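> Structure for this input, please:
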Amino acid sequence: MTDVDIDLPFMQRALQLAREAEAIGEVPVGALLVADGQVIGEGYNQPIRMNDPTAHAEIIALRAAAKHRGNYRLNDCTLYVTLEPCPMCAGALLQARVKRVVFAAHDKRAGAGGSVLQVLRHPQLNHICQLTPGVLADEAQQLLTQFFQNKRR
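Numbering: from 1, shown residues only. So this is what the prediction gives:
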């Protein structure tokens, strides 16, 4: 079994979470953390609903996983997220020592996994994440594109 075979069902779940965000009027981004093949935390964007600028999908998933573990270090985990993490989320992923980040769509405006900044793999920082970009990218990009087209109408 390849990484792609393993990654697809988790990214499909992240896309379901993104649709939950969309259903409440939030930017459709979903994320989940996996350890040993099990989901230990998940979330979707909720900054509007929660009146919290840090309530990104990744942060919510990190908080849930850390609570599940009873430890803020998540060094054996993989994060699956439908959009390349922003600088804030990338910083949180580094602080948690997340081993691997799998993302769907690139974020050409705020991506910190290489599209705009390279926070997740910066050689001067104390942790480097393994990156796997582009898993189900078309589906994630289509969801985001439709969301913003509908917002403009």
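
> What is the three-state secondary structure of the residue most central in space within the chain?
By C-alpha atoms, centre = their mean, the mean C-alpha position of the chain lies nearest to Val81, the distance being 2.8 Å. Of the three states, Val81 takes strand according to DSSP: H, G, I helix; E, B strand; the rest coil.

> all strands for this structure, in order.
30-35, 38-44, 78-83, 100-105, 130-133 (DSSP state E).

> hey, which of these is tucked in deepest?
strand 78-83 (a mean of 29; mean count of other C-beta atoms under 10 Å). Bear in mind the C-beta positions are built from the backbone N, C-alpha and C, glycine included.

> Can you give the contact residues for it?
For strand 78-83, the surrounding residues in contact (C-beta atoms under 8 Å, 6 or more residues apart in numbering) are 7, 10-11, 13-15, 17-18, 28-35, 57-58, 61-62, 85, 89, 93, 98-105, 107, 135-136, 140, 143-144.

> Could you pull out the helices in this structure for me?
3-23, 47-50, 57-69, 87-96, 137-152 (DSSP state H).

> Looking at those helices, spot the one closest to Leu120.
helix 87-96 (5.1 Å; C-beta to C-beta).

> re earlier: beta-bridge partners for the residue nearest to the centre of the chain, please?
Ala31, Phe103 (DSSP bridges).

> ok, now how distant is it from Pro53?
18 Å (C-beta to C-beta, to the nearest Å).

> Kindly report the same for Ala64.
19 Å.

> do the same with Asp76
Noted for Asp76: a distance of 29 Å to Pro53, by C-beta to C-beta.

> Same question for Gly70.
For Gly70, the distance to Pro53 - C-beta to C-beta - is 27 Å.

> Neighbour count: those two, which is higher?
A count of neighbours by other C-beta atoms under 10 Å puts Pro53 above the other of Gly70 and Pro53, at 10 against 6.

> Could you check the pLDDT of that one?
Reported pLDDT at Pro53 in the predicted model: 98.

> what pLDDT does the nearest residue in space to it that is not next to it in sequence get?
Spatial nearest neighbour of Pro53, chain neighbours left out: Pro47 (5.5 Å); criterion: C-beta to C-beta, 6 or more residues apart in numbering. Note on Pro47: pLDDT of 98.

> Just to check, Pro47 is in contact with Thr54?
Yes: between Pro47 and Thr54 there is a contact at 7.5 Å, judged by C-beta atoms under 8 Å.
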